[in-house]
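> sequence and computational prediction follow.
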Amino acid sequence: MGKITKLEEGKRNKNRVNVYIDNNFSFAMDLELIYKMGLKVNSEINEDEIREIAVKEGFSKCKESAIRTIERSYKTEKELRDKLHEKEFLDEQIDYAIDFLIKYNFLDDVKYARMYVKDKLFNQGKNKIRFSLERKGISRDIIEEIFQEFDNGEELERGLYLCEKKYNLLKKRETDKYKLKDKLFRYLVGRGYDFSTSKEIINKILNDNEY
């Protein structure tokens, strides 16, 4: 059993508090936990309570780390879990942080996927977008649900724009129609457009330009 003799505000972080027991520095903890646990100068504290503080401090640190990570750049649940694992937080601490962020709408895979698709459809086909989102941990069901919100004509329109630019570059040095079509096809597939969409785009470009 010991007695808290001093609670000192952190010099670098005012939300951290240095706790002194029997006039000796013992540990640092979040100010929020100080209030939640009712710790104050002259309070008595035992080893079990100190261990409890250490456990709660671990959960608090994980939550704060998760919030800072999200503030820097929006992430999917999988991406955030991977980041927290890299920092060697425990699974139960990560689960706690993830649940907190989901509860307060800081983490939302559907919202992330919607923003990602809206942004990437400007220069990528659905296949590439789908592959990227799956790597980020977004489920196939969510991806297909989001794709349904966007008109297929948008993908075709952007594909035509990109292919037209590529065509204008290639036609200056490629006189063989079949080689040109092959290069355009590989370009579109590389951008994530499927076979049928790529074929439709190329045929329209060549017909419009009477190649």
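Structure received. Numbering: from 1, shown residues only.

> contacting residues around the residue nearest the centre of the chain?
Ranked by distance to the mean C-alpha position of the chain (Cα atoms, centre = their mean), the top residue is residue 75 at 1.3 Å. Residue 75 makes contact with 69, 83, 107, 112 under the criterion Cβ atoms under 8 Å, 6 or more residues apart in numbering. (C-beta placed from N, C-alpha, C; glycine too.)

> kindly reformat those residues as JSON lines containing secondary structure, neighbour count and pLDDT.
Below are the contacts of residue 75 laid out as JSON lines (DSSP: H, G, I helix; E, B strand; the rest coil; neighbours: other Cβ atoms under 10 Å; pLDDT from 0 to 100):
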{"residue": "69", "secondary structure": "helix", "neighbour count": "18", "pLDDT": "96"}
{"residue": "83", "secondary structure": "helix", "neighbour count": "17", "pLDDT": "97"}
{"residue": "107", "secondary structure": "coil", "neighbour count": "22", "pLDDT": "96"}
{"residue": "112", "secondary structure": "helix", "neighbour count": "21", "pLDDT": "96"}
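
> mind putting these into CSV with distance to residue 159?
Shown next, in CSV, are the contacts of residue 75 (distance: Cβ to Cβ, whole Å):
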residue, distance to residue 159
69, 35
83, 34
107, 32
112, 24
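
> wait, which of these is closest to residue 49?
residue 69 (30.4 Å; Cβ to Cβ).

> that closest one reaches residue 77, doesn't it?
No: with contact defined as Cβ atoms under 8 Å, residue 69 does not reach residue 77; the gap is 11.9 Å.
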